[in-house]
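Participant: the sequence and its predicted three-dimensional model are supplied below.
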Amino acid sequence: MKRQLCLGVLAMFAGTALLFGQAAPAASSATQTDASGSDPQAVALMGQMLAALGGPKWLAIHNVLQEGRTGGFFQGKPSGDVGDFVVLRTVPVSRTDPGRLRAEFTKHRDVVNILTTDIDWEITYRGKRQLRPDEYLTIFRRRDHSLDEAVRIWWHEPGTVLFFGGQKMAERHLIDEITLLDANNDNITLQLDAETHLPARVSFSWRDPLYKDKNEDAEEFADYHPIDGIPTPLNETYYHNGDMTSQRYLTHVAYNVPVASDAFDPDATAAKLKR
């Protein structure tokens, strides 16, 4: 699998028409808010989404194993890059503990990436190397604006305000839109299917630190199936500034699997791949 496709898969897991996710407008005087400044309707929709995902069962997830196939796109058209993957990730616990991720590529699973809190290691039979910032910043950015991050971390942080963006049509489905704005004016926008309350899209906007232009990344979820009693999307599509960048199809998903003590250890992984 080409390196660019591997990095694309990592960005997908670390872890999406018109994109949403721009900073939410300030609540008008006509909008009722709770003590935190959040729109009660947005708070209620967050609760409905959590219940639809499985409630306490979803919150009890501590890791996810996913296997499947992915393909890359350039300017919205298939690039020809396709490949198999196996990904094991843990869920975020806090801003300082955003979870870890191990991604194995190729049919022989002999190219491995391990994401720790702030380092992305690429490991092959040649050993390990730390990826450059231009290779991993997208991965960490998407990890820090994921559905897990929005529900498990942002929602309950002091200073986070929820806005209801109203109902609209997206891909012939009626959706409800919620934007979470944290104390640092960072944002995550969730689109929920108005009938099932399941997440249909997660997006966020960010400003390029060098060129100062605004960008939007988004992830769309489709083809939900119950796995261990948890609604699970088996089709995920990713966009950057409106262009499709990658798509993945899951063939196997398992929750709360046993994890080897050295699964996220780059040195131990490198030693095994050299054999």
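Facilitator: Here it is on my side, so go on. Predicted model only: the values in this text are computed from it and were never measured. Residues are numbered from 1 along each chain as shown.

Participant: surely Lys107 is in contact with Val82?
Facilitator: No: look at Lys107 against Val82 with C-beta atoms under 8 Å: they stay out of range, at 11.9 Å. For the C-beta atoms, the positions are set from N, CA and C on the backbone; glycine is no exception.

Participant: quick one, which of the two is more surrounded?
Facilitator: The residue with more neighbours, out of Lys107 and Val82, is Val82; 14 against 8, by other C-beta atoms under 10 Å.

Participant: hmm, that one is touching Gly71, no?
Facilitator: Yes: using C-beta under 8 Å as the test, Val82 is close enough to Gly71 to be in contact (4.6 Å).

Participant: what ranges do the helices span in the stretch 51-200 of the chain?
Facilitator: 56-59, 133-143, 147-148 (DSSP state H, counting those that start in this stretch).

Participant: okay, now the unreliable bits of the chain?
Facilitator: Scanning the chain with the threshold set as pLDDT under 70 gives 1-32, 34-35, 75, 80, 275.

Participant: spell out the residue ranges of the strands in the stretch 51-200 of the chain.
Facilitator: 63-74, 77-90, 101-105, 111-115, 120-124, 127-130, 161-170, 173-181, 187-193, 199-207 (DSSP state E, counting those that start in this stretch).

Participant: residues of stretch 37-57 that come out buried?
Facilitator: Of all the residues in stretch 37-57, those buried under the rule 16 or more other C-beta atoms under 10 Å are Ser38, Asp39, Gln41, Ala42, Val43, Leu45, Met46, Met49, Leu50, Ala52, Leu53, Gly54.

Participant: swap in stretch 244-252?
Facilitator: Going by neighbour count (16+ other C-beta under 10 Å), the buried part of stretch 244-252 is Met244, Thr245, Ser246, Gln247, Arg248, Leu250.

Participant: try stretch 90-106
Facilitator: So, applying 16+ other C-beta under 10 Å, buried residues of stretch 90-106: Thr90, Val91, Pro92, Pro98, Gly99, Arg100, Leu101, Arg102, Ala103, Glu104, Phe105.

Participant: ok now it, how far from the chain's centre?
Facilitator: 11 Å (C-alpha atoms, centre = their mean, to the nearest Å).

Participant: measure it end to end?
Facilitator: 22 Å (C-alpha to C-alpha, to the nearest Å).

Participant: count the neighbours of Pro209 for me.
Facilitator: Neighbour tally, Pro209, other C-beta under 10 Å: 7.

Participant: burial of Tyr255, as a residue count?
Facilitator: Per other C-beta under 10 Å, the neighbour tally for Tyr255 reads 19.

Participant: ends of stretch 104-124, what's the gap?
Facilitator: OK, stretch 104-124 end separation, C-alpha to C-alpha: 10 Å.

Participant: identify the residues contacting it?
Facilitator: Outside stretch 104-124, the residues that touch it by C-beta atoms under 8 Å, 6 or more residues apart in numbering are 1, 6, 9-10, 14, 83-87, 96-98, 100-103, 125, 128-131, 135-136, 139-140, 143, 264-266, 269-270, 273.
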